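> with the input below, show me the fold.
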Amino acid sequence: MDNRSTENEDNKAKDIHIKDNSKIFVIGIIKMINPYEGLLTVSSEFNNIVEPYDVYISGWRNLNGAIDNDKVSVEIIGPFTKRYKQIIKSNETQILDIKGKVHKYLKSKTLLYEGKVYKIYREDNKRYIIGYLRPISYLYKNFNEKKLRNNKLLNRTEILIRNSLNSNNKRKYRQDLIETKSCITYTTRQVVFVPLLKVYPLIKIHLRSSAIKKLLAPFTSNMNNTKKIPIPLNILYTCNILQGTSTSRYIKGILKGIYGSIENIGTQMNFLMDDYNVSDHLNSSDTCDDEIKDVNPEYDKYRKYFDPNKYRVFTIDPSTARDLDDAIHIEWNESEQIYELGVHIADVLYYLKDKNDLINIVKKYCTSIYLPHINFPMLPGFLSSNLCSLLPSVNRRTLSIIFKLDKLGNLLEDVKYYHGTICSLCKFSYEQVDEILLRIYYLKSKFSKRDMNNLFSIIRNDASINNILKDVNLPQRYWKKLLLDIFNLQKLTNILRNNRRNNMAIKFSQMRINYYITNDNKKEDDDQDIECKSITFNDNDYGELQEYKTTEFHVHLLVHDVKNIQKSLDSSKLKHMSVENKYSISHSIIEELMIKANQLTAEYLINNLDSKVVLRCHAEIEKSKLSKLIKYLRGNGMDNIFGDSNDRKALFEGLCKVEKVYGYVIYNAISELLRDIFKRAKYISLDLSSNSTLDEAHHYALNVPFYTHFTSPIRRVADIIVHQLIYYSMHNSQNKLDKDNLSSNSNSTKKGKSKDSKIKDEFEVLFTQDDISEICNNANKKSKASKDLQREAEKMLFSYILKKQRMDYPNMSCVICTKNFGYIKVVLMSPTEQHNLCMVTDSDSKYFNSFKFSNNNSINLPLSYKYHKLSNQFEVTWKYSDEMVDKLITDMNSSTCKYKSAIQQYFDLIQSISSRNKFYHLPKCNTDKRTLIQIVNIWTFLPVYIVPINSIPTKYVLIPIHPLEYAYYKQISIYN
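Numbers count the residues shown, from 1 in each chain. Model (predicted):
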């Protein structure tokens, strides 16, 4: 029997429970716990059932060659309880007790059966597996060690079952590959392929084919007619599983490619792209010609032209952005107290007409990918950065939504959509808008008695604002009105934001690594890497702006593309780096406008269409996970934050209290914990012509019944489909209007068609109803892969940079959680400012699980620590000497410190800081043993050094700072 059937066989397999006499078969996607154990969740997606359940598959015979993420048909071979009885020769009470503990780790509610893989269905998009080559002896050694370990664990039944059935077990990097030798010799007959991820089994590779020998040519060129090949241990390869039968415990494969050394950052980036199945984006710019003919330029005269003299349209984007897909205008009617808002979105659909190659591109890619060092656009560059981009001072085609709001943010009338043409006046960066608003509020407070008209005459002549307006090449005749527009935008979006808060919309903070990337070879002095700014704002509840200073440690990466990133990083001076909160008031303005436009568009589609529509839904958080998190937080000092219930109100109010009581750092950390247990938002195709319930379209985080994506068609295919749906609705509405006019006015046939009618005659369906469902599923996969890849790339690049840097300054770390969640989460802060949070991370990274507290022997620290599970505390023991105390006193006396230098008073100082800012780790001195003992509670701050270590891939550890080092004192005093 062929293990991996053809597609024809796949199509013949019906997605229901298959019954063959007394045998029962189910179909699903297998998720491996380790190479020899997996879980198949039987759901309604492939089977005719109501309640999902899990099937446990164990052993190479039962797996029959299946690997992680295979679609398989599984034969039910018995109830799962049988497994307990085979291992636990005890009473039923013990079996049920262990069974209950096991179920806590499963995705579905119940684990009923054991199964055996009957058939594996081939997938065209099957990913290659990434890993290393090792001698064949590694395979047999690994198997024998595993067998011995299993025999020793048979008496620890509960631990064995719990570990083997833990579906929350993250896919981890194989740690046992780091060897002391730089290379090893292989016989030319066969080797073993060791996948980088533990969920994949070891794979036998035969080295007889000429193609494989070509791959190994770089290592065999200097061979002296021997049958042994010396190959470095750190070379990454890609392997494909061979089709056919699997009659042994070893899966067979074939080498398909070589990446290079894992120590090379380009290699790491390339295999990440392949592993997340987005490597086709590497060639996104080469898929189409750079020339495209206009669909029909004569129809531009039928579009609504937004005259810049009446509609002051402009964009706000990152300073380096080139794909500008949204522009805005605002008009405030003082007499009627009405805001008119226009959100103008690039009309990408216009350029896709009669362009099958472009349509296939957006279907394939679905989304743009943004990495720290490079971006991969969904559309070819001549579209994303030129024809579709709403660049200033050039006419661009848009699909524009116009709506009116009162002074409370309520919608006054139906929204209107236009096929438009705009000429953007200028492109602002977020930083420029922040600085403009800072100056406006400063001058507003200084000249508070002036009316608005006179005030903006003064603001117009402000030197700082003038420099910005000159930089963006804005004509002077627009200066005053555009500044007033920005001020009105801030007021209105603050109202919209407060309305969403009143609706209990949940918003998490977003702390991201910020790399400053330049494309020139200018060498800067070390001092230039540090820049102090005072232009980041935070809104309070009254719509005013609060200023706080940030110190940014820049990392200048001289990169052009993924191929030469290794050379660029090696040649650049990387002294400092930073991670900052990019979210400011200007980000908030754009975010609120886009959310409002997306929400209004979703409501428009629901009310005006009776076909399939694309919506963005977000499922409710699992209350069991939320209860577990709240219980954990309460157990670690946050008693009065979250209420007794685990509903939306308790969650929303709890987040507000966290920020007020514990500060922005803890708020960011809890945001990360909540983000971990929140479900991902996804696209759905909802058929309004059927009896589909609208409840599934609810967006939990925003707390709105309908939501979609309309505002970013350059980087998301879902937005393009929504544009087509709006086209279709406008087309039908105009046809109905034309028919009504014909019936009411016999002379109407003599009149020419309206502008909109002329355009809608050109309506063409580019995405069919079947396409919409397929694209939604693909977009969900690509979106998830893109976000996961971005996180991995950030951590990888961060690790690589740390390895190159001289880490001679301390950082502040916050230990977050341990026993309840099974890992340590760390908030890393900059050494100078609590608001400039560096990173919130943990050990969940697929490859680059850095940030670990370590007592590495190679570092030779006089440190030992214990973790007390019951109290959730770390006990850190330090050795000290009189010389260390004398040195600390000398350092404090020689510094500009205002505190006294006596060591006891220094400890008193730490104690006073602890009482105010939760530094619960006052050292206790044992003069007999010459030791200092720190008790570090969870959710407290701890000064640390970051120490990169030589590992594959790059990792680094957090080393707590000795309490008698001046850096320790300096760190916590700066924090306070």
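> what domains does the record give for the chain?
Using automatic domain parsing, the domain parsing of the chain gives 4-121, 129-284, 602-787, 807-975.
> can you give me phi and psi for Leu694?
Torsion angles at Leu694 (phi, psi; degrees, to the nearest 10) stand at phi -90, psi -10.
> how about the nearest residue to it, chain neighbours excluded?
Pro705 (6.9 Å; C-beta to C-beta, 6 or more residues apart in numbering). Just so you know, the C-beta spots here come from the backbone N, C-alpha and C atoms, and that holds for glycine as well.
> near that neighbour, how many other residues are there?
The number of residues packed around Pro705, counting by other C-beta atoms under 10 Å, is 15.
> what residue ranges in the stretch 351-500 of the chain score low on pLDDT?
The stretch 351-500 of the chain contains residues with pLDDT under 70 at 449-451.
> which parts of it are helices?
Secondary structure of the stretch 351-500 of the chain (DSSP state H, counting those that start in this stretch): helices at 356-365, 381-382, 430-446, 452-460, 463-471, 479-502.
> against Tyr478, how distant is the residue nearest to Leu694?
From Pro705 across to Tyr478, the span is 39 Å (C-beta to C-beta, to the nearest Å).
> and stretch 463-473, what's buried?
Going by neighbour count (16 or more other C-beta atoms under 10 Å), the buried part of stretch 463-473 is 465, 468-469, 472.
> ugh, wrong one, stretch 331-340
Neighbour-count burial for stretch 331-340 [16+ other C-beta under 10 Å]: 331-332, 339-340.
> so how far is Met594 from the residue nearest to Leu694?
Taking C-beta to C-beta, one finds Pro705 at 18 Å from Met594.
> again, but for Ile265
To Met594, Ile265 is 34 Å away according to C-beta to C-beta.
> returning to that earlier point: out of the helices of the stretch 351-500 of the chain, which comes closest to Asp882?
Comparison of the helices of the stretch 351-500 of the chain against Asp882 by C-beta to C-beta identifies helix 430-446 as nearest, at 51.3 Å.
> mind listing what Pro963 touches?
Contact analysis of Pro963 by C-beta atoms under 8 Å, 6 or more residues apart in numbering lists 878, 910, 923, 932, 934.
> any idea which of the residues you listed is closest to Ser588?
Checking those one by one against Ser588 (C-beta to C-beta), the nearest turns out to be Ile910, at 37.6 Å.
> give me the pLDDT for the closest one.
For Ile910, the model assigns a pLDDT of 53.
> next: the one 10 residues further on.
At Tyr920 the predicted local confidence, pLDDT, stands at 52.
> do Thr927 as well
At Thr927, pLDDT is 73.
> and for it, the neighbour number?
Neighbours of Thr927 (other C-beta under 10 Å): 7.
> try the one 5 residues further on
Counted by other C-beta under 10 Å, the residues lying close to Leu932 total 20.
> format the CA atom coordinates belonging to the helix or strand containing it as CSV.
Remark: Leu932 resides in strand 931-937, with elements defined by DSSP states H and E. In CSV, the C-alpha atoms belonging to strand 931-937 read as follows (Å, rounded to 0.1, in the frame of the first residue of the first chain):
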residue,chain,number,x,y,z
THR,A,931,27.6,35.9,51.4
LEU,A,932,24.8,38.2,50.3
ILE,A,933,21.4,36.5,49.7
GLN,A,934,18.8,38.1,47.5
ILE,A,935,15.2,37.0,47.5
VAL,A,936,13.8,37.9,44.1
ASN,A,937,10.0,37.7,43.8
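> ok, and the most crowded of the contacts of Pro963?
That'd be Trp878 among the contacts of Pro963, by other C-beta under 10 Å, with 22 neighbours.
> ok, and the closest non-adjacent residue to it?
Nearest to Trp878 is Leu932, by C-beta to C-beta, 6+ apart, at 4.4 Å.
> the one you found and Leu888 touch, don't they?
No. Here Leu932 does not reach Leu888: they are 11.6 Å apart, not a contact under C-beta atoms under 8 Å.
> check contacts around Gly654.
So Gly654 contacts 630, 641-643 (C-beta under 8 Å, 6+ apart).
> which of those residues tops the neighbour count?
Neighbour counts for the contacts of Gly654 were taken using other C-beta under 10 Å; the highest belongs to Phe642, with 23 neighbours.
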